[in-house]
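Trainee: Dropping a prediction and its sequence here:
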Amino acid sequence: MAQQQTAPSPAELEFGGPLGTAALLLLLPLTLFHLLLTCHSGPCSLLSLPPELPPLSAFWSSGALLLLLFWLGFQATLYLLPMGQVTEGRMLRDKSHLQYPLNGFRCLGLTALLVGLGLAGGLPLGNLSEMLLPLASAATVTAFFLSLFLYLKSFTVPPSALAPGGNSGNPVYDFFLGRELNPRFGSFDLKYFCELRPGLMGWALINLALLLREAERQRGWPSLAMGLVSAFQFIYVADALWYEEAVLTTIDIIHDGFGFMLAFGDLVWVPFIYSLQAQFLLNHPQALDLPVAGAICLLKVIGYVIFRGANSQKNTFRRNPSDPSVAGLETIPTATGRHLLVSGWWGLVRHPNYLGDLIMALAWSLPCGVTHLLPYFYFFYFVILLVHREYRDERQCLQKYGLAWREYCRRVPYRIVPYIY
Ligand SMILES: NC(=O)C1=CN([C@@H]2O[C@H](COP(=O)(O)OP(=O)(O)OC[C@H]3O[C@@H](n4cnc5c(N)ncnc54)[C@H](OP(=O)(O)O)[C@@H]3O)[C@@H](O)[C@H]2O)C=CC1
Ligand SMILES: CC(C)CCC[C@@H](C)[C@H]1CC=C2C3=C(CC[C@@]21C)[C@@]1(C)CC[C@H](O)C[C@@H]1CC3
């Protein structure tokens, strides 16, 4: 289906319009540093100010900036390696399709191999755990300059290349949301690359560094809690790269431009905020009984089965509705020629994949115990993100499918949690 590209009217502006996005431009980095400093402080209290601000020099090092640039360059090189299939994205406004390489999982494998070889050769990866603050600053500055470059670049492309939501004419709003839909250098797609590669793999690498540092402190073995958190989150990262093609149908790729929100989200928020549980465990070790660990693993499995089952069912259905695994499901026809699933996972609630993702998020926090709020930050943030995302998606689906979407909402009344929401 072709995408519409008219500038949004003031009533359609998202995230609180220019004022809301200006506030977010400040609040997001402030929240990041508040959380990092709190996590590394003794009391680790989420609601109070960090006890003592470290000297400014603790926030910056040229070594951290070089390391970050090396990581981005390394992942970009892997992205360009001609391995794996190439697939087509959804039809654009000018009726063309972009090509995307599907080599994410292989790049993860190559990265893991090189990191493994490095570790065997004595690479002090654990030291990364002491560089998180300057690394986060370097990543924030990089995301800011990348967004500025993307904003300026967007004035060199034709109107058909602009994102439906990010060309309001207000510079702050457009800088935040992103004007251009698919900024590219030749075949190198900047948004697709950032969404899945450096940040997601960086998150897994930071977790590994924290686990190694903890193991060094405990004479060789990481704690059960750290092991669970790292394993759970690694599975999530590996899953995203294995099913990389699915990201081509997300709001981020289809609807949102590439601006500060995604540049900061992909390159800073994901690696440094999503690793908060492991950061917390390094500084605040938690004992975990085997039965409790077993129950948490069960919760993770339940969440993963729902998340993967729902995502795969929809993706299979969208790719090939007559695939035997989805051919028997009940559907609603829409005026666009597409159908909406109304049984199976998508007959339970209107966003079963969000439900599974939220259950997994809880399973990532529980190994950190219940004495502190900070390891639950991801869960609470994720509830807000997904509720807001669900609201945005509903609005777009109502526009796309009209009466058929209303019929779907009537048949499947709950959005994310059955009988609750
Ligand atoms: N960890 C994190 O920070 C984040 C994780 N995620 C995860 O990423 C994944 C993708 O999320 P997201 O892109 O938000 O949304 P979805 O994968 O849920 O995609 C929504 C789209 O699915 C299609 N759809 C909706 N209902 C139906 C139906 N009944 N039958 C068939 N198609 C339907 C519609 O598109 P169409 O009809 O055009 O195909 C709709 O626009 C999710 O698992 C989510 O949990 C997302 C955001 C952040
Ligand atoms: C900075 C703000 C608070 C908002 C940032 C949002 C981003 C962190 C997320 C927007 C959509 C995302 C997706 C993923 C990671 C987080 C961001 C970038 C996944 C790649 C996570 C793994 C899933 O399997 C697919 C997700 C697609 C969307």
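Mentor: Good, I have the coordinates. Small disclaimer: the values here were computed from a predicted structure and weren't measured. Ligands and ions are numbered 1, 2, ... in the order given.
Trainee: Return the set of buried residues in stretch 111-129.
Mentor: Thr111, Ala112, Val115, Leu125, Gly126, Leu128, Ser129 (16 or more other CB atoms under 10 Å). (Each C-beta comes from the backbone N, C-alpha and C, glycine too.)
Trainee: Next, give phi and psi for the residue of the chain at minimum distance from ligand 2.
Mentor: With CB to the nearest ligand atom, the shortest gap between the chain and ligand 2 falls at Gly265, namely 2.7 Å. As for Gly265, its main-chain torsions (degrees, to the nearest 10) stand at phi -60, psi -50.
Trainee: In contact with it, which residues?
Mentor: Contact partners of Gly265, counting by CB atoms under 8 Å, 6 or more residues apart in numbering, are Gly199.
Trainee: If we ignore the residues flanking it in sequence, what's nearest Ala204?
Mentor: Nearest residue to Ala204 in three dimensions, chain neighbours excluded: Val237, at 4.7 Å (CB to CB, 6 or more residues apart in numbering).
Trainee: What helices and strands are in contact with the helix or strand containing that neighbour?
Mentor: Element membership of Val237 [criterion: DSSP states H and E] is helix 224-242. Secondary-structure packing of helix 224-242 (3 or more CB pairs under 8 Å, 6 or more residues apart in numbering; DSSP states H and E): helix 104-120, helix 198-217, helix 276-283, helix 290-319, helix 352-365.
Trainee: Tabulate the ones you listed in TSV, adding columns for mean pLDDT and distance to ligand 1.
Mentor: Output for the helices and strands packed on helix 224-242, formatted as TSV (pLDDT from 0 to 100; distance: least, CB to the nearest ligand atom, whole Å):
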stretch	mean pLDDT	distance to ligand 1
helix 104-120	97	14
helix 198-217	96	9
helix 276-283	96	13
helix 290-319	96	5
helix 352-365	97	3
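Trainee: can you redo those helices as a markdown table with distance to Trp346?
Mentor: Shown next, in a markdown table, are those (distance: least, CB to CB, whole Å):
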| stretch | distance to Trp346 |
| --- | --- |
| helix 104-120 | 25 |
| helix 198-217 | 26 |
| helix 276-283 | 30 |
| helix 290-319 | 6 |
| helix 352-365 | 6 |
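Trainee: Out of the ones you listed, which one sits most buried?
Mentor: Counting by mean count of other CB atoms under 10 Å, helix 276-283 has the highest mean neighbour count of these, with a mean of 24.
Trainee: touching ligand 2 at all, it?
Mentor: No: figure legend: helix 276-283 not in contact with ligand 2 (CB under 6 Å from any ligand atom); closest approach 13.2 Å.
Trainee: quick one: that helix to chain centroid distance?
Mentor: Centre-to-centre, helix 276-283 and its host chain are 19 Å apart (CA atoms, centre = their mean, to the nearest Å).
Trainee: got the angle for it vs helix 224-242?
Mentor: If you take axes from the mean of the first three to the mean of the last three CA atoms, to 10 degrees, helix 276-283 sits at 150 degrees to helix 224-242.
Trainee: In the stretch 1-150 of the chain, mark out all the strands, start to finish.
Mentor: 85-88, 99-102 (DSSP state E, counting those that start in this stretch).
Trainee: give the contact list for the closest residue to Val229 other than its chain neighbours.
Mentor: Among residues not flanking Val229 along the chain, Gln277 sits closest, at 4.8 Å (CB to CB, 6+ apart). Counting by CB under 8 Å, 6+ apart, Gln277 makes contact with Val229, Gln233, Trp364, Ser365, Pro367, Cys368, Pro375, Tyr378.
Trainee: returning to what we had before: among the strands of the stretch 1-150 of the chain, show me which one is buried the most.
Mentor: Greatest burial across the strands of the stretch 1-150 of the chain, using mean count of other CB under 10 Å, falls to strand 99-102, with a mean of 18.
Trainee: residue at max distance from the center of the chain?
Mentor: Arg219 (33.8 Å; CA atoms, centre = their mean).
Trainee: near ligand 2, which residues of the stretch 151-300 of the chain?
Mentor: Residues of the stretch 151-300 of the chain that fall close to ligand 2, judged by CB under 6 Å from any ligand atom: Glu195, Leu196, Ala240, Val247, Thr250, Asp252, Met261, Phe264, Gly265, Asp266, Trp269, Val270.
Trainee: Could you check how many residues crowd around Phe379?
Mentor: 17 (other CB atoms under 10 Å).
Trainee: Show me how the protein divides into domains.
Mentor: 19-40+61-88+99-287, 288-421 (automatic domain parsing).
Trainee: would the residue farthest from the centre of the chain count as being in a strand?
Mentor: No: counting by DSSP: H, G, I helix; E, B strand; the rest coil, Arg219 is not part of a strand but coil.
Trainee: Relative to Asp239, how far out is it?
Mentor: 33 Å (CB to CB, to the nearest Å).
Trainee: picking up where we left off before, after the helix holding Val237, which helix or strand is next? Please name it.
Mentor: Helix 224-242 is succeeded, C-terminally, by helix 251-254 (DSSP H and E).
Trainee: Outside of that next one itself, list whatever touches it.
Mentor: Here helix 251-254 has contacts from 3, 89-90, 182, 191-192, 195, 247-248, 262, 389, 392-393, 396, using CB under 8 Å, 6+ apart.
Trainee: what about 7 Å?
Mentor: Residues outside helix 251-254 that contact it (CB atoms under 7 Å, 6 or more residues apart in numbering): Gln3, Arg90, Lys191, Tyr192, Glu195, Val247, Leu262, Arg389, Arg392, Asp393.
Trainee: What of stretch 28-44?
Mentor: Looking at what lies outside stretch 28-44 - CB under 7 Å, 6+ apart - the contacts are 45-46, 50-51, 132-133, 136, 140, 264, 268, 272-273, 276, 279-280, 283-284, 372, 374, 377.
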